[in-house]
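Asks: Okay, structure incoming, though there's no sequence with it:
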């Protein structure tokens with residue numbers, strides 16, 4: 001035991017000396033450009049979706065699609081209505097399943113995956129309004145889903161108190177429960193989902 005301890009005191013300085021000789025010392029004043037991190041004044045919608053735990057199911061569906069690249073695109077601004085995880089879990093049919101059909105159809109695995117992806121794309125598109133900023137009037141606001149629009153209805157119980165977005169409902173009583181501003185639009189957390197039909 002003592003011999004091992006004594007050997008470690010003798011050998012360790014030699015090992016550290018050898019490793020120091022292999023190190024390259026970087027001179028910060030050498031005139032070469034250093035690393036400059038990319039910073040922005042606000043997060044993007046993709047950043048907000050990444051850090052919002054109550055929106056993880058929506059973002060999980062959206063990440064499967066090409067259109068999710070617009071969440072990080074700083075040149076495009078839009079309004080994103082994101083259902084909470086609880087709202088998505090409460091759906092009788094999940095977004096990838098699409099609307100219920102009366103007829104059973106035999107599908108190959110490839111056909112099933114294509115249909116599921118199309119259903120998810122329709123569902124996610126219904127939650128995106130290509131307007132920014134958005135007004136919460138009684139006009140129809142077209143979503144990215146063809147022929148799908150949202151109309152906001154004022155609620156009577158707020159009596160003009162609170163932010164404009166907190167005083168409206170849509171889609172048979174869906175409420176906006178939070179708003180976050182991003183570099184490329186607004187992120188509205190909603191307590192329900194937007195139907196595709």
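Replies: In hand now; what should we look at? In this text the structure is predicted, and so the values were computed from the model without any measurement.

Asks: Please point out which parts of the longest strand seen in the chain sit buried.
Replies: Scanning the chain for the strand with the most residues, using DSSP state E, yields strand 174-182. For strand 174-182, the neighbour count (16 or more other C-beta atoms under 10 Å) marks 174-176, 178, 180, 182 as buried. For the C-beta atoms, the positions are set from N, CA and C on the backbone; glycine is no exception.

Asks: low-scoring stretches of this structure, by residue?
Replies: Low-confidence segments of the chain, defined by pLDDT under 70: 1-33, 38, 98, 100-104, 157-160.

Asks: what ranges do the helices span in it?
Replies: 2-21, 45-51, 56-63, 85-89, 109-125 (DSSP state H).

Asks: now what about the shortest one, what contacts it?
Replies: For helix 85-89, the surrounding residues in contact (C-beta atoms under 8 Å, 6 or more residues apart in numbering) are 53-58, 94-95, 190-193.

Asks: one more time with 10 Å
Replies: For helix 85-89, contacts defined as C-beta atoms under 10 Å, 6 or more residues apart in numbering pick out 52-61, 82-83, 94-95, 123, 174, 177, 189-193.

Asks: now the residues you listed: which count as buried?
Replies: 52, 55, 57-59, 61, 82-83, 95, 123, 174, 189-193.

Asks: Nearest to residue 46 among those residues?
Replies: Taking C-beta to C-beta as the measure, residue 46 lies nearest residue 59 of these, at 8.6 Å.

Asks: need the contact list for the closest one.
Replies: Counting by C-beta under 10 Å, 6+ apart, residue 59 makes contact with 45-46, 48-50, 52, 68, 71, 82, 85, 124.

Asks: Quick one: residues contacting the residue most central in space within the chain.
Replies: Closest to where the C-alpha atoms of the chain average out (C-alpha atoms, centre = their mean) is residue 49, at 2.7 Å. By C-beta under 10 Å, 6+ apart, residue 49 lies in contact with 43, 55-56, 58-60, 62-63, 68, 71-72, 80, 82, 180, 182, 187.

Asks: same thing but at 7 Å, please
Replies: By C-beta atoms under 7 Å, 6 or more residues apart in numbering, the contact set of residue 49 is 55, 59, 71.

Asks: do the same with residue 81
Replies: Residues near residue 81 by C-beta under 7 Å, 6+ apart: 127, 188, 190, 194.

Asks: which ones are touching the third one?
Replies: So that's residue 190. By C-beta under 7 Å, 6+ apart, the contact list for residue 190 reads 81-83, 87, 174-177.
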